[in-house]
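quick one, structure for this:
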Amino acid sequence: MRKASKRFRADAGRVDPKKRYPVDEAIDLLAKFTPAKFDETVELALFLGVDPKKGDQIVRGTVVLPHGLGGKTRTVLVFAEGEKAREAEEAGADFAGGQDLVKKVEGGWTEFDVAIAVPAMMRFVGRLGKVLGPQGKMPSPKAGTVTDDVARAVKEYKAGKVEYRVDAGANVHAPIGKRSFEAGKIRENLFALLDSVRAQKPTTSKGIYIRSCTLSSTMSPGIGLDVQ
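Below you'll find the model as predicted:
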């Protein structure tokens, strides 16, 4: 097991593991941690009161963060042909194409962050599940990545739209910005994600829905939040 760094141990010593911090206090504490040599991504981790083994308790959704994600703009690919491909390119898509692009991805090329497809292309894109599924890049209607409004989808993902999905352990992990963001921007992005996850609560989920919530950055310890 990898030993925690001296810096990580020092920052962890600032955190009371039994305490659930108010959001503003947690963001202030995160800012006091020793910064890395790069602009770390700020992340939110949620443990939900759902059973992911049940199909009607899969929590999945998207949210456009008010202040985006910062850093490098995500690379967006669009499976479309003709006029829709042109719309995608005009909106800022990095790659747009039809069956030739499907074949390229089928061969193992996945140098993009987000894949969007028009419904007419899904009969071809559907066979890419084994390639894109494990990477979380498979287009889906629920995520808004299967749509005829490709221009809007491209612009939203370029601006910082975040897709999230509960994992097998009932956890949701999602980025909400960068360490360099002002506290107010991190706060607004955080609550935008929380509101979106709350809106996705399955009707069959009973009891406490968000059982725990943790704020952290790429190289920092987690800070438990009070979000009830």
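
this structure - how does it break down into domains?
Here the domain parsing of the chain from automatic domain parsing is 15-69+161-224, 76-158.

so can I have TSV of those showing distance to Ala4?
Bear in mind the C-beta positions are built from the backbone N, C-alpha and C, glycine included. Shown next, in TSV, are the domains of the chain (distance: least, CB to CB, whole Å):
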stretch	distance to Ala4
domain 15-69+161-224	9
domain 76-158	28
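
turn these into JSON lines, including mean neighbour count and mean pLDDT.
Formatted as JSON lines, these follow (neighbours: other CB atoms under 10 Å; pLDDT from 0 to 100):
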{"stretch": "domain 15-69+161-224", "mean neighbour count": "17", "mean pLDDT": "94"}
{"stretch": "domain 76-158", "mean neighbour count": "18", "mean pLDDT": "94"}
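
which residues touch the closest residue in space to Cys213 that isn't next to it in sequence?
Nearest residue to Cys213, sequence neighbours excluded (CB to CB, 6 or more residues apart in numbering): Leu225, at 4.3 Å. Residues near Leu225 by CB atoms under 8 Å, 6 or more residues apart in numbering: 20-23, 26, 213-215.

ok, now Val102?
79, 121, 124-125, 127-128.

so of those residues, which ones are in helices?
124-125 (DSSP state H).

could I get the CA-only coordinates of the longest helix along the chain as PDB?
Longest helix in the chain by number of residues (criterion: DSSP H): helix 183-199. What follows is helix 183-199, C-alpha atoms only, in PDB (Å, rounded to 0.1, in the frame of the first residue of the first chain):
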ATOM      1  CA  ALA A 183     -14.800  30.200  -3.300                       C
ATOM      2  CA  GLY A 184     -18.100  31.500  -4.500                       C
ATOM      3  CA  LYS A 185     -17.700  29.700  -7.900                       C
ATOM      4  CA  ILE A 186     -16.900  26.400  -6.200                       C
ATOM      5  CA  ARG A 187     -19.900  26.900  -4.000                       C
ATOM      6  CA  GLU A 188     -22.300  27.500  -6.800                       C
ATOM      7  CA  ASN A 189     -21.000  24.600  -8.900                       C
ATOM      8  CA  LEU A 190     -21.200  22.400  -5.900                       C
ATOM      9  CA  PHE A 191     -24.900  23.200  -5.200                       C
ATOM     10  CA  ALA A 192     -25.700  22.900  -8.900                       C
ATOM     11  CA  LEU A 193     -24.400  19.300  -8.800                       C
ATOM     12  CA  LEU A 194     -26.200  18.500  -5.500                       C
ATOM     13  CA  ASP A 195     -29.500  19.900  -6.800                       C
ATOM     14  CA  SER A 196     -29.200  17.800 -10.000                       C
ATOM     15  CA  VAL A 197     -28.400  14.600  -8.000                       C
ATOM     16  CA  ARG A 198     -31.300  15.200  -5.700                       C
ATOM     17  CA  ALA A 199     -33.600  15.700  -8.600                       C
END
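
can you show me the helices along the protein?
6-12, 23-32, 82-91, 99-106, 122-125, 129-132, 150-159, 183-199.

wait, which of the ones you listed is closest to Leu46?
Across those, the minimum distance to Leu46, taken as CB to CB, is reached by helix 183-199, at 6.2 Å.

quick check: Val118 touching Val150?
Yes: here Val118 lies in contact with Val150, judged by CB atoms under 8 Å, at a distance of 6.2 Å.
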